[in-house]
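Novice: Sequence and computational prediction follow.
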Amino acid sequence: MNKSKTTNGYEVTILDQLNVQWGNFIRYRFLLQNLVSRDFKVKYRRSVLGILWSILNPLLMMLVITAVFANIFRFEVEYFPVYYLTGILIFNFISEATNGSMLSILNNHNLIKKVYIPKYIFPLQKCIFAFINMLFSTIAVIAVILILGLTVRPTALLFWVPMIYALIFSIGLGLILSTLAVFFRDITHLYTVWITAWMFLTPIIYPIEQVPESVRLIIYFNPMFHFIDYLRNVVMHGTVPGMIENLICLAFAVGFLILGLAMFKWKQGRFILYI
(Lines give C-alpha, C1' and ligand atoms only; values in the text may rest on other atoms or scores of the structure.)
Protein backbone atom coordinates (compact mmCIF):
# COMPACT_ATOMS: atom_id res chain seq x y z
CA MET A 1 0.00 0.00 0.00
CA ASN A 2 1.05 3.56 -0.62
CA LYS A 3 2.51 5.18 2.48
CA SER A 4 0.25 8.21 1.92
CA LYS A 5 -2.82 6.11 2.58
CA THR A 6 -4.94 6.82 5.63
CA THR A 7 -5.20 4.71 8.75
CA ASN A 8 -7.84 2.61 6.98
CA GLY A 9 -5.32 1.79 4.30
CA TYR A 10 -2.87 0.66 6.94
CA GLU A 11 -5.52 -1.55 8.51
CA VAL A 12 -6.14 -3.22 5.15
CA THR A 13 -2.42 -3.94 4.86
CA ILE A 14 -2.41 -5.69 8.25
CA LEU A 15 -5.46 -7.72 7.29
CA ASP A 16 -3.77 -8.72 4.04
CA GLN A 17 -0.74 -9.93 5.98
CA LEU A 18 -2.93 -11.91 8.34
CA ASN A 19 -4.71 -13.49 5.39
CA VAL A 20 -1.37 -14.50 3.89
CA GLN A 21 -0.25 -16.06 7.17
CA TRP A 22 -3.54 -17.91 7.55
CA GLY A 23 -3.26 -19.15 3.97
CA ASN A 24 0.24 -20.46 4.71
CA PHE A 25 -1.02 -22.24 7.80
CA ILE A 26 -3.84 -23.92 5.85
CA ARG A 27 -1.40 -24.93 3.12
CA TYR A 28 0.99 -26.57 5.58
CA ARG A 29 -1.59 -28.08 7.94
CA PHE A 30 -0.92 -31.58 6.57
CA LEU A 31 2.77 -31.16 7.30
CA LEU A 32 1.85 -30.18 10.86
CA GLN A 33 -0.27 -33.32 11.18
CA ASN A 34 2.55 -35.49 9.85
CA LEU A 35 5.09 -33.94 12.23
CA VAL A 36 2.81 -34.57 15.23
CA SER A 37 2.23 -38.14 14.03
CA ARG A 38 5.99 -38.62 13.66
CA ASP A 39 6.55 -37.51 17.24
CA PHE A 40 4.10 -40.13 18.49
CA LYS A 41 5.80 -42.87 16.49
CA VAL A 42 9.25 -41.85 17.71
CA LYS A 43 8.25 -41.47 21.36
CA TYR A 44 6.43 -44.79 21.65
CA ARG A 45 8.52 -46.83 19.22
CA ARG A 46 9.41 -50.27 20.66
CA SER A 47 7.36 -49.50 23.75
CA VAL A 48 5.16 -52.40 24.85
CA LEU A 49 2.57 -50.19 26.53
CA GLY A 50 2.85 -47.34 24.03
CA ILE A 51 0.41 -44.51 24.62
CA LEU A 52 -0.68 -46.11 27.91
CA TRP A 53 2.46 -44.64 29.47
CA SER A 54 0.76 -41.24 29.24
CA ILE A 55 -1.79 -42.64 31.71
CA LEU A 56 0.44 -44.86 33.85
CA ASN A 57 3.23 -42.31 34.36
CA PRO A 58 1.14 -39.76 36.32
CA LEU A 59 -0.56 -42.59 38.22
CA LEU A 60 2.74 -44.09 39.36
CA MET A 61 4.11 -40.66 40.30
CA MET A 62 0.88 -39.97 42.20
CA LEU A 63 1.42 -43.10 44.32
CA VAL A 64 4.97 -42.01 45.21
CA ILE A 65 4.08 -38.39 45.94
CA THR A 66 1.00 -39.36 47.97
CA ALA A 67 3.04 -41.80 50.06
CA VAL A 68 5.66 -39.14 50.82
CA PHE A 69 3.72 -35.90 51.18
CA ALA A 70 0.26 -37.01 52.28
CA ASN A 71 1.49 -39.56 54.83
CA ILE A 72 5.00 -38.50 55.91
CA PHE A 73 4.74 -34.69 55.68
CA ARG A 74 0.98 -34.90 56.29
CA PHE A 75 -0.29 -32.05 54.16
CA GLU A 76 -3.93 -31.57 55.10
CA VAL A 77 -5.39 -31.61 51.60
CA GLU A 78 -8.66 -33.39 50.94
CA TYR A 79 -8.41 -35.86 48.08
CA PHE A 80 -4.68 -35.26 47.85
CA PRO A 81 -4.15 -37.65 44.86
CA VAL A 82 -6.61 -35.63 42.75
CA TYR A 83 -5.07 -32.38 44.02
CA TYR A 84 -1.64 -33.55 42.91
CA LEU A 85 -2.77 -34.96 39.55
CA THR A 86 -4.63 -31.80 38.52
CA GLY A 87 -1.50 -29.79 39.26
CA ILE A 88 1.06 -32.07 37.64
CA LEU A 89 -1.18 -32.47 34.58
CA ILE A 90 -0.82 -28.79 33.66
CA PHE A 91 2.81 -28.60 34.75
CA ASN A 92 3.89 -31.63 32.71
CA PHE A 93 2.12 -30.24 29.66
CA ILE A 94 3.76 -26.81 29.86
CA SER A 95 7.14 -28.38 30.62
CA GLU A 96 6.95 -30.83 27.71
CA ALA A 97 5.58 -28.24 25.27
CA THR A 98 8.15 -25.55 26.06
CA ASN A 99 11.13 -27.90 26.26
CA GLY A 100 10.20 -29.41 22.91
CA SER A 101 9.54 -26.02 21.33
CA MET A 102 12.85 -24.63 22.55
CA LEU A 103 14.85 -27.13 20.45
CA SER A 104 12.40 -27.43 17.57
CA ILE A 105 14.16 -24.97 15.22
CA LEU A 106 17.63 -26.35 15.96
CA ASN A 107 16.55 -29.98 15.58
CA ASN A 108 14.93 -29.31 12.19
CA HIS A 109 17.78 -27.23 10.76
CA ASN A 110 18.33 -29.63 7.84
CA LEU A 111 14.72 -29.35 6.71
CA ILE A 112 14.66 -25.58 7.17
CA LYS A 113 17.79 -25.17 5.03
CA LYS A 114 16.44 -27.32 2.16
CA VAL A 115 12.86 -26.15 1.62
CA TYR A 116 10.64 -23.24 2.59
CA ILE A 117 8.42 -24.06 5.55
CA PRO A 118 6.84 -21.54 7.92
CA LYS A 119 9.23 -21.89 10.83
CA TYR A 120 6.56 -21.42 13.49
CA ILE A 121 5.20 -24.83 12.43
CA PHE A 122 7.92 -26.56 14.47
CA PRO A 123 7.26 -24.96 17.90
CA LEU A 124 3.53 -25.26 17.25
CA GLN A 125 3.93 -28.96 16.48
CA LYS A 126 5.62 -29.61 19.83
CA CYS A 127 2.87 -27.79 21.71
CA ILE A 128 0.10 -29.73 19.95
CA PHE A 129 1.91 -33.02 20.56
CA ALA A 130 2.24 -32.22 24.28
CA PHE A 131 -1.42 -31.12 24.41
CA ILE A 132 -2.59 -34.48 23.00
CA ASN A 133 -0.43 -36.26 25.58
CA MET A 134 -2.11 -34.19 28.29
CA LEU A 135 -5.54 -35.25 27.06
CA PHE A 136 -4.51 -38.90 27.37
CA SER A 137 -3.17 -38.22 30.88
CA THR A 138 -6.55 -36.77 31.81
CA ILE A 139 -7.82 -40.35 31.85
CA ALA A 140 -5.61 -40.94 34.91
CA VAL A 141 -7.31 -38.05 36.71
CA ILE A 142 -10.76 -39.40 35.87
CA ALA A 143 -9.79 -42.88 37.09
CA VAL A 144 -8.53 -41.59 40.45
CA ILE A 145 -11.64 -39.41 40.90
CA LEU A 146 -13.86 -42.47 40.39
CA ILE A 147 -11.75 -44.65 42.70
CA LEU A 148 -11.74 -42.09 45.53
CA GLY A 149 -15.44 -41.32 45.09
CA LEU A 150 -14.98 -37.58 44.66
CA THR A 151 -18.30 -35.97 43.79
CA VAL A 152 -18.21 -34.83 40.17
CA ARG A 153 -20.22 -31.69 39.51
CA PRO A 154 -21.33 -30.25 36.14
CA THR A 155 -18.56 -27.64 36.39
CA ALA A 156 -16.06 -30.44 35.63
CA LEU A 157 -17.19 -30.20 32.00
CA LEU A 158 -15.20 -26.94 31.85
CA PHE A 159 -11.91 -28.79 32.41
CA TRP A 160 -10.85 -27.88 28.87
CA VAL A 161 -10.91 -24.10 29.53
CA PRO A 162 -7.69 -23.89 31.64
CA MET A 163 -6.09 -26.38 29.25
CA ILE A 164 -6.74 -24.05 26.32
CA TYR A 165 -5.34 -21.14 28.33
CA ALA A 166 -2.24 -23.23 29.05
CA LEU A 167 -1.94 -24.20 25.37
CA ILE A 168 -2.02 -20.59 24.17
CA PHE A 169 0.48 -19.63 26.88
CA SER A 170 2.79 -22.52 25.93
CA ILE A 171 2.75 -21.60 22.24
CA GLY A 172 3.81 -18.05 23.11
CA LEU A 173 6.51 -19.14 25.54
CA GLY A 174 7.62 -21.84 23.11
CA LEU A 175 8.11 -19.27 20.34
CA ILE A 176 10.18 -17.11 22.69
CA LEU A 177 12.37 -20.02 23.82
CA SER A 178 12.86 -21.40 20.30
CA THR A 179 14.02 -17.95 19.17
CA LEU A 180 16.40 -17.51 22.09
CA ALA A 181 17.84 -21.02 21.64
CA VAL A 182 18.95 -20.23 18.08
CA PHE A 183 21.11 -17.30 19.20
CA PHE A 184 21.91 -18.33 22.78
CA ARG A 185 22.37 -22.11 23.12
CA ASP A 186 22.97 -21.94 26.86
CA ILE A 187 19.28 -21.16 27.32
CA THR A 188 18.62 -24.91 27.06
CA HIS A 189 20.66 -25.55 30.22
CA LEU A 190 19.30 -22.53 32.06
CA TYR A 191 15.71 -23.51 31.30
CA THR A 192 16.27 -26.95 32.82
CA VAL A 193 17.13 -25.26 36.11
CA TRP A 194 14.25 -22.80 35.76
CA ILE A 195 11.61 -25.47 35.08
CA THR A 196 12.61 -27.24 38.31
CA ALA A 197 12.39 -24.00 40.27
CA TRP A 198 9.08 -23.24 38.54
CA MET A 199 7.63 -26.51 39.79
CA PHE A 200 8.48 -25.70 43.40
CA LEU A 201 7.14 -22.15 42.99
CA THR A 202 3.78 -23.62 41.96
CA PRO A 203 1.38 -25.22 44.49
CA ILE A 204 1.41 -28.65 42.86
CA ILE A 205 2.34 -30.78 45.86
CA TYR A 206 1.71 -28.36 48.71
CA PRO A 207 -1.38 -26.21 49.43
CA ILE A 208 -0.91 -22.47 48.99
CA GLU A 209 -2.10 -21.97 52.57
CA GLN A 210 1.23 -23.46 53.69
CA VAL A 211 3.12 -20.64 51.98
CA PRO A 212 4.01 -17.51 53.99
CA GLU A 213 2.11 -14.38 53.03
CA SER A 214 5.31 -12.70 51.82
CA VAL A 215 5.87 -15.47 49.26
CA ARG A 216 2.29 -15.77 48.03
CA LEU A 217 2.59 -12.54 46.04
CA ILE A 218 5.29 -14.19 43.92
CA ILE A 219 3.03 -17.19 43.33
CA TYR A 220 0.16 -14.95 42.26
CA PHE A 221 2.38 -13.66 39.43
CA ASN A 222 2.97 -17.26 38.32
CA PRO A 223 0.81 -18.03 35.24
CA MET A 224 0.89 -21.77 35.93
CA PHE A 225 -0.68 -21.25 39.36
CA HIS A 226 -3.74 -19.62 37.80
CA PHE A 227 -4.20 -22.35 35.18
CA ILE A 228 -3.90 -25.09 37.82
CA ASP A 229 -6.15 -23.28 40.29
CA TYR A 230 -8.78 -22.88 37.56
CA LEU A 231 -8.68 -26.62 36.83
CA ARG A 232 -8.97 -27.53 40.52
CA ASN A 233 -11.89 -25.16 40.98
CA VAL A 234 -14.00 -26.69 38.23
CA VAL A 235 -13.00 -30.32 38.88
CA MET A 236 -12.59 -30.55 42.67
CA HIS A 237 -14.52 -27.67 44.18
CA GLY A 238 -17.43 -27.42 41.77
CA THR A 239 -17.02 -23.67 41.27
CA VAL A 240 -16.60 -21.64 38.10
CA PRO A 241 -13.91 -18.92 38.34
CA GLY A 242 -15.26 -15.42 37.87
CA MET A 243 -14.48 -12.83 35.24
CA ILE A 244 -11.38 -11.52 37.04
CA GLU A 245 -9.73 -14.95 37.18
CA ASN A 246 -10.62 -15.60 33.54
CA LEU A 247 -9.16 -12.24 32.54
CA ILE A 248 -5.95 -13.03 34.46
CA CYS A 249 -5.57 -16.37 32.68
CA LEU A 250 -6.42 -14.78 29.33
CA ALA A 251 -3.96 -11.94 29.90
CA PHE A 252 -1.10 -14.35 30.63
CA ALA A 253 -2.00 -16.58 27.68
CA VAL A 254 -2.59 -13.92 25.03
CA GLY A 255 0.17 -11.66 26.36
CA PHE A 256 2.82 -14.36 25.98
CA LEU A 257 1.39 -15.37 22.58
CA ILE A 258 1.66 -11.82 21.24
CA LEU A 259 5.16 -11.42 22.67
CA GLY A 260 6.22 -14.78 21.23
CA LEU A 261 4.83 -14.05 17.77
CA ALA A 262 6.45 -10.62 17.69
CA MET A 263 9.87 -11.92 18.76
CA PHE A 264 9.72 -14.91 16.41
CA LYS A 265 8.70 -12.80 13.42
CA TRP A 266 11.40 -10.24 14.21
CA LYS A 267 14.23 -12.78 14.39
CA GLN A 268 13.22 -15.64 12.10
CA GLY A 269 14.89 -14.09 9.04
CA ARG A 270 18.28 -14.56 10.72
CA PHE A 271 17.73 -18.17 11.86
CA ILE A 272 19.42 -19.56 8.75
CA LEU A 273 22.68 -17.81 9.69
CA TYR A 274 22.89 -19.45 13.13
CA ILE A 275 21.44 -22.96 12.74
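Specialist: Looks like it arrived, so ask away. Residues are numbered from 1 along each chain as shown.
Novice: which residues of the stretch 1-150 of the chain score low on pLDDT?
Specialist: 1-18, 20-22, 24, 46-51, 69-75 (pLDDT under 70).
Novice: What segments of the stretch 101-250 of the chain are strands?
Specialist: Counting by DSSP state E, counting those that start in this stretch, the stretch 101-250 of the chain forms no strands at all.
Novice: so where do the helices sit in it?
Specialist: In the stretch 101-250 of the chain, the segments counted as helices under DSSP state H, counting those that start in this stretch are 104-107, 109-114, 121-148, 160-183, 187-200, 213-220, 223-232, 243-267.
Novice: export the ones you listed to TSV and tack on distance to residue 89 and mean neighbour count?
Specialist: Glycine gets a C-beta too; all of them are placed from N, C-alpha and C. Listed next are those as TSV, based on distance: least, CB to CB, whole Å; neighbours: other CB atoms under 10 Å:
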stretch	distance to residue 89	mean neighbour count
helix 104-107	23	20
helix 109-114	32	12
helix 121-148	6	19
helix 160-183	8	23
helix 187-200	13	13
helix 213-220	18	11
helix 223-232	7	24
helix 243-267	16	16
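Novice: Next, format those as CSV and append distance to residue 29.
Specialist: Listed next are the helices of the stretch 101-250 of the chain as CSV, based on distance: least, CB to CB, whole Å:
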stretch, distance to residue 29
helix 104-107, 17
helix 109-114, 17
helix 121-148, 9
helix 160-183, 16
helix 187-200, 29
helix 213-220, 38
helix 223-232, 27
helix 243-267, 18
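Novice: nearest to residue 43, of those helices?
Specialist: Smallest distance to residue 43 across the helices of the stretch 101-250 of the chain (CB to CB): 8.3 Å, for helix 121-148.
Novice: That closest one packs against which elements?
Specialist: Applying 3 or more CB pairs under 8 Å, 6 or more residues apart in numbering; DSSP states H and E, one finds that helix 121-148 contacts helix 29-43, helix 53-65, helix 80-102, helix 104-107, helix 160-183.
Novice: now the most centrally placed residue in the chain, nearest residue through space, not along the chain?
Specialist: By CA atoms, centre = their mean, the chain has its centre lying nearest to residue 94, at 3.2 Å. Sequence neighbours aside, residue 170 is the residue nearest to residue 94 in space, at 5.3 Å (criterion: CB to CB, 6 or more residues apart in numbering).
Novice: From what I see, the one you found and residue 93 are in contact.
Specialist: Yes: counting by CB atoms under 8 Å, residue 93 is a contact partner of residue 170 at 7.1 Å.
Novice: Which neighbours do these two have in common?
Specialist: 130, 131 (CB atoms under 8 Å, 6 or more residues apart in numbering).
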